[in-house]
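Chemist: Okay, here's the prediction I keep looking at, along with the sequence it came from:
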Protein chains: 2
Amino acid sequence: MPARIDALPTPALLVDVAALDHNLAEMARALPGARLRPHVKATKCTALARRQRELGHHAFTCATLREMEGLAAAGLGEDLLLANEVLDARRLGALDARVSVAVDSEATVQAAAAGGVREVLIDVNVGLPRCGCAPEEAGRLAERARQLGLTVRGVMGYEGHAMAVAAREERARLTRASMELLERAHQDVGGEVISAGGTGSFDLNTLATEIQAGSYTLMDGAYAKQGLPFRQALWVQARVISVSADYAVADCGLKALGMDHGNPEIEGARVWFCSDEHITFSSEPLPRVGDGVRVWPAHVDPTVAYHERFQLVAGDEVLESWPIDLRGW
Amino acid sequence: MPARIDALPTPALLVDVAALDHNLAEMARALPGARLRPHVKATKCTALARRQRELGHHAFTCATLREMEGLAAAGLGEDLLLANEVLDARRLGALDARVSVAVDSEATVQAAAAGGVREVLIDVNVGLPRCGCAPEEAGRLAERARQLGLTVRGVMGYEGHAMAVAAREERARLTRASMELLERAHQDVGGEVISAGGTGSFDLNTLATEIQAGSYTLMDGAYAKQGLPFRQALWVQARVISVSADYAVADCGLKALGMDHGNPEIEGARVWFCSDEHITFSSEPLPRVGDGVRVWPAHVDPTVAYHERFQLVAGDEVLESWPIDLRGW
């Protein structure tokens, strides 16, 4: 007999199976097979990646060495991209997997070669002040990589500054401007791959040969405001542990939540603040001690990174539990 | 030969041994032995708790069941307090340790008794809108606990709303007002224990028989502004992975940092923003790719909870590594 949600120790990280399945299917329909290179940073879970593999996406995007190692160890290493720069690539070179890594400087090209990595993407800055070489330097860097014996598969450029813009038209405009820069760089670099995009631009980015989306699986408060065809699938299940005259307290605090986008939401309630292990909120009427509460995180990625397991649920039942096994570095 | 800091994979959580030792010694001098009941929530590390035990503090404060279980399993269960309410106390009742738990309602008193816990503190609301019964209800609740066969050791009340106030006089005034409420409740409840306070009030709270401080061990940006006799001992060691015309990027992002108090600091630099695995910053001059960077978190507690280990360092050398083994719930 499956366990019930109210028997779980709290706080617990819950995933609505129907919403997750909807999101996975919707994306696989929009961007089938290699058109999507799922980013695992939002979910950090090989069981979920395996589900994406079964839907036809055989290549994955990672943000950390640990994510790369975990996917390879799980037999999901057909085509792994570390979409981030590293100065010591030996752990990548040691993997039993097809490995590509982003490079944006002489030092990172040298590190890739020295670490035994064979394939790279030239990471191009398309407007977000983060990694990536200037578009006009991409060709020179590709040449340098080839001199060192590396295969240059193409370019990568993340329009992250467009991703958080709620208005679709403005998001589309920023994405187009970014991709014009990436297209120019690609002409100089060559290669088959133009890797870019994310959940916020999955149907706006028409240049990329593959989209690096990950948040679409679970969604969150920020993405929910964009009118995307994906559903919020993840919340933290908490329990009311104390009720006072005009507020209540549940056992889900800021150590169970990514807080960089602000406070989480509780339906029908006003969240006052979060402490380490508490959330104080008011509602009309107030709940009772022992009641279950759904706490919806403002930002999914750093929320997931605090938890050891996803509990997959349908209605009140816990169907399955997936380890969040790609955490850390 | 000890490892060097620049050989560590980044991001890594570093603790300056000299600063830690200073903080531990300073607190043990100010609040010797049982006058301090160290709170482990900030550090989540049995090796650090053992160091505190060696300095004479035999009783500990916890925020979660996992912290209680971990200390008990490590042989540090002489006198453990869960300073938080639980509705299912069976995991506490099963511990091989002296266990006390905070209660603030009929339901939590019943849960303690049903779970096999023997001793409780009446948790009293002293001004922070969180757990704790109204002061005037404390006596009735103690009576109810005794009816159910529980030993009431005394009261607990956390003046958390005073803790973050930078100005010492105002912090002292709020602490006094809170402790007047707790003293009144204690008269109704009885028992030997008045448990309260934290790092911000360790030398201001004159009522408490024991102070529940934890952050003093490592300190952070917020507490550093209070002029306390403790030193910032913890930072995240990162590495510059990309440098552009007017900014640089290091590999320490918001999944390696508690962000509820805002951005971390980098000495001599201006932090622009944090992404999942990146921090973008500017400085004059800019660093070079590969340079080490110290990132000082604004809030230590949720930062520690993201990491698997502390690396204890002196100068450039890594002396020891302590697992952060009390994470999760």
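Modeler: Structure's in. What do you need?
Chemist: Looking at residue A:1 now. What's its pLDDT?
Modeler: Residue A:1 carries a pLDDT value of 58.
Chemist: ignore the last one, residue A:227
Modeler: Predicted confidence (pLDDT) for residue A:227: 88.
Chemist: For residue A:184, which non-adjacent residue is spatially closest?
Modeler: residue A:135 (5.6 Å; Cβ to Cβ, 6 or more residues apart in numbering or on different chains). For the C-beta atoms, the positions are set from N, CA and C on the backbone; glycine is no exception.
Chemist: list the contacts for that neighbour?
Modeler: For residue A:135, the contact set (Cβ atoms under 8 Å, 6 or more residues apart in numbering or on different chains) comprises A:124-126, A:181-182, A:184-185.
Chemist: Try it again at 7 Å.
Modeler: A:124, A:181, A:184-185 (Cβ atoms under 7 Å, 6 or more residues apart in numbering or on different chains).
Chemist: Pick the one among these closest to chain B.
Modeler: Top of the list for closeness to chain B, among the contacts of residue A:135 and by Cβ to the nearest Cβ, is residue A:124 at 11.6 Å.
Chemist: The nearest residue to residue A:121 once chain neighbours are set aside: helix or strand, and which one exactly?
Modeler: Nearest residue to residue A:121 in three dimensions, chain neighbours excluded: residue A:156, at 4.3 Å (Cβ to Cβ, 6+ apart). Element membership for residue A:156 (DSSP states H and E) is strand A:151-157.
Chemist: Next, the angle from the helix ranked longest in chain A to strand A:151-157.
Modeler: Assignment by DSSP state H gives helix A:168-189 as the longest helix of chain A. Orientation of helix A:168-189 against strand A:151-157 (axes from the mean of the first three to the mean of the last three Cα atoms, to 10 degrees) gives an angle of 150 degrees.
Chemist: quick one: average pLDDT of helix A:168-189?
Modeler: 96.
Chemist: Just the C-alpha atoms of it, please, in PDB.
Modeler: Extracted in PDB, the C-alpha atoms of helix A:168-189 (Å, rounded to 0.1, in the frame of the first residue of the first chain):
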ATOM      1  CA  ARG A 168       6.700  37.500 -23.900                       C
ATOM      2  CA  GLU A 169       7.300  40.200 -26.600                       C
ATOM      3  CA  GLU A 170      10.200  41.700 -24.700                       C
ATOM      4  CA  ARG A 171      11.600  38.200 -23.900                       C
ATOM      5  CA  ALA A 172      11.400  37.400 -27.600                       C
ATOM      6  CA  ARG A 173      13.200  40.700 -28.600                       C
ATOM      7  CA  LEU A 174      16.000  40.100 -26.200                       C
ATOM      8  CA  THR A 175      16.300  36.500 -27.300                       C
ATOM      9  CA  ARG A 176      16.500  37.600 -31.000                       C
ATOM     10  CA  ALA A 177      19.200  40.200 -30.200                       C
ATOM     11  CA  SER A 178      21.300  37.600 -28.300                       C
ATOM     12  CA  MET A 179      21.000  35.000 -31.000                       C
ATOM     13  CA  GLU A 180      22.100  37.500 -33.700                       C
ATOM     14  CA  LEU A 181      25.400  37.800 -31.700                       C
ATOM     15  CA  LEU A 182      25.600  34.000 -31.400                       C
ATOM     16  CA  GLU A 183      24.900  33.500 -35.100                       C
ATOM     17  CA  ARG A 184      27.800  35.800 -36.000                       C
ATOM     18  CA  ALA A 185      30.100  34.000 -33.700                       C
ATOM     19  CA  HIS A 186      29.000  30.700 -35.100                       C
ATOM     20  CA  GLN A 187      29.900  31.700 -38.600                       C
ATOM     21  CA  ASP A 188      33.500  32.200 -37.400                       C
ATOM     22  CA  VAL A 189      33.600  29.100 -35.200                       C
END
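Chemist: Could you list every helix and strand that it packs against?
Modeler: helix A:138-147, strand A:151-157, helix A:160-163, strand A:193-196 (3 or more Cβ pairs under 7 Å, 6 or more residues apart in numbering or on different chains; DSSP states H and E).
Chemist: Chain B contacts on the stretch 101-250 of chain A?
Modeler: Counting by Cβ under 7 Å from any Cβ of the partner chain, the stretch 101-250 of chain A comes close to chain B at A:104-105, A:107, A:125, A:129-131, A:239, A:241-242, A:244, A:247, A:249.
Chemist: TSV for those, including secondary structure?
Modeler: Output for these, formatted as TSV (DSSP: H, G, I helix; E, B strand; the rest coil):
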residue	secondary structure
A:104	coil
A:105	coil
A:107	helix
A:125	coil
A:129	coil
A:130	coil
A:131	coil
A:239	strand
A:241	strand
A:242	strand
A:244	coil
A:247	coil
A:249	strand
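Chemist: Most neighbours out of those residues, which is it?
Modeler: Neighbour tally across these (other Cβ atoms under 10 Å in any protein chain shown): the maximum, 30 neighbours, falls on residue A:104.
Chemist: and residue A:100, what are its phi and psi?
Modeler: phi -120, psi 150 (degrees, to the nearest 10).
Chemist: Just give me the neighbour total for the nearest residue to it once chain neighbours are set aside.
Modeler: Distance criterion Cβ to Cβ, 6+ apart; nearest residue to residue A:100, sequence neighbours excluded, is residue A:119 at 4.3 Å. For residue A:119, the neighbour count with other Cβ under 10 Å is 19.
Chemist: Quick one: residues contacting residue A:119.
Modeler: By Cβ under 7 Å, 6+ apart, residue A:119 lies in contact with A:99-100, A:150-151, A:153.
Chemist: So what does it have for phi and psi?
Modeler: Dihedral angles (degrees, to the nearest 10) for residue A:119: phi -130, psi 140.
Chemist: swap in residue A:26?
Modeler: According to degrees, to the nearest 10, residue A:26 has phi -60, psi -40.
Chemist: per-residue confidence at it?
Modeler: pLDDT recorded at residue A:26 is 98.
Chemist: Of the contacts of residue A:135, which pair is most distant in space?
Modeler: A:124 and A:184 (9.0 Å; Cβ to Cβ).
Chemist: Looking at the two, which has the bigger crowd around it?
Modeler: Neighbour count, other Cβ under 10 Å: between residue A:124 and residue A:184, residue A:124 has more, with 31 against 16.
Chemist: from memory that one sits against residue A:155, does it?
Modeler: Yes. With contact defined as Cβ atoms under 7 Å, residue A:124 reaches residue A:155; the gap is 5.4 Å.
Chemist: what is in contact with those two at once?
Modeler: With Cβ under 7 Å, 6+ apart as the test, residue A:124 and residue A:155 both reach A:138, A:182, A:185.
Chemist: and the spatially closest residue to the second one that is not a sequence neighbour, what does it touch?
Modeler: Distance criterion Cβ to Cβ, 6+ apart; nearest residue to residue A:182, sequence neighbours excluded, is residue A:157 at 4.0 Å. Listed by Cβ under 7 Å, 6+ apart, the contact set of residue A:157 reads A:124, A:126, A:132, A:178, A:181-182, A:196.
Chemist: Repeat the analysis, applying 10 Å as the threshold.
Modeler: Listed by Cβ atoms under 10 Å, 6 or more residues apart in numbering or on different chains, the contact set of residue A:157 reads A:102, A:121-128, A:132, A:135, A:138, A:178-179, A:181-183, A:185-186, A:194-197, A:207-208.
Chemist: Quick check: end-to-end length of stretch A:53-63?
Modeler: 18 Å (Cα to Cα, to the nearest Å).
Chemist: touching chain B at all, that stretch?
Modeler: Yes. Stretch A:53-63 lies within reach of chain B by Cβ under 10 Å from any Cβ of the partner chain, at residue A:63.
Chemist: Going by neighbour count, which residues of that stretch are buried?
Modeler: Buried residues in stretch A:53-63, counted by 16 or more other Cβ atoms under 10 Å in any protein chain shown: A:53, A:55, A:57, A:59-63.
Chemist: As CSV, these with pLDDT and secondary structure would be great.
Modeler: Converted to CSV, the buried residues of stretch A:53-63 look like this (pLDDT from 0 to 100; DSSP: H, G, I helix; E, B strand; the rest coil):
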residue, pLDDT, secondary structure
A:53, 98, helix
A:55, 98, coil
A:57, 98, coil
A:59, 98, coil
A:60, 98, strand
A:61, 98, strand
A:62, 98, strand
A:63, 98, coil
